[in-house]
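Undergrad: fold the following, please.
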Amino acid sequence: MTEHPQGDSTAPHYRKPGWFTRNVFNRIVQGLTRLGISIWGSRVLEVRGRMSGEPRRVPVNLLAFDGNEYLVSARGEGQWVRNVRAADGRLDLLVGRRRQPITARELGDSEKVPVLREYLRRWKAEVGAFFDGVSASSSDDEIAAIASKHPAFVLTDRA
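TA: This is a model prediction of the structure:
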């Protein structure tokens, strides 16, 4: 929970995907990615569930930018974000039969501005609705104002 200056507390920011995204779009992207066909940089992120201990899979966009690779949660603090945090950043990225064990470090809000700008530049049509009118051409201050709503991780260690 986030404490606001007025004393209100709210749940972490998250926009749950609709039925079509969950049951059609994500399954198609995940299926194609598992066959080895990466769409717009797609990967299947696999991470151990923080409650069940069972592997959880979700399609994600892998952002290659400025010599690093990043994962950004356009929808906010969803289940995969919470699971990656609970797993101390340990996850696997899958494409076809390839499995890459990875360690990811969560970025602080001040580190996110250039990453979010590039993410929006690359995938605005797909994810723009989740960024409250902020776009790749928005000012640094405008992007910084929404940075806390969008967890981002830099991939730090590849096996």
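
Undergrad: Provide the contact partners of whichever helix in the chain runs longest at residue level.
TA: Using DSSP state H, we find that the single longest helix of the chain is helix 109-127. For helix 109-127, the external contacting residues (C-beta atoms under 8 Å, 6 or more residues apart in numbering) are 40-41, 61, 63, 65-66, 70, 72, 74, 107, 128, 131, 134-136, 138, 140, 143-144, 146-148, 150, 152, 154. Backbone N, C-alpha and C define where each C-beta goes, glycine included.

Undergrad: any buried residues in that helix, and which?
TA: Buried positions in helix 109-127, judged by neighbour count with 16 or more other C-beta atoms under 10 Å: Asp109, Lys112, Val113, Val115, Leu116, Arg117, Glu118, Tyr119, Leu120, Arg122, Trp123, Val127.

Undergrad: where does pLDDT dip in this protein?
TA: In the prediction, the chain carries residues with pLDDT under 70 at positions 1-11, 14-41, 159.

Undergrad: strands along that one, start to end?
TA: All strands of the chain, identified by DSSP state E, fall at 2-3, 9-10, 42-48, 55-65, 68-72, 90-95, 98-106, 152-158.

Undergrad: okay if I get these as JSON lines plus distance to Arg82 and mean neighbour count?
TA: What follows is these, written out as JSON lines (distance: least, C-beta to C-beta, whole Å; neighbours: other C-beta atoms under 10 Å):
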{"stretch": "strand 2-3", "distance to Arg82": "15", "mean neighbour count": "10"}
{"stretch": "strand 9-10", "distance to Arg82": "16", "mean neighbour count": "9"}
{"stretch": "strand 42-48", "distance to Arg82": "10", "mean neighbour count": "20"}
{"stretch": "strand 55-65", "distance to Arg82": "10", "mean neighbour count": "18"}
{"stretch": "strand 68-72", "distance to Arg82": "13", "mean neighbour count": "20"}
{"stretch": "strand 90-95", "distance to Arg82": "12", "mean neighbour count": "19"}
{"stretch": "strand 98-106", "distance to Arg82": "11", "mean neighbour count": "16"}
{"stretch": "strand 152-158", "distance to Arg82": "12", "mean neighbour count": "17"}
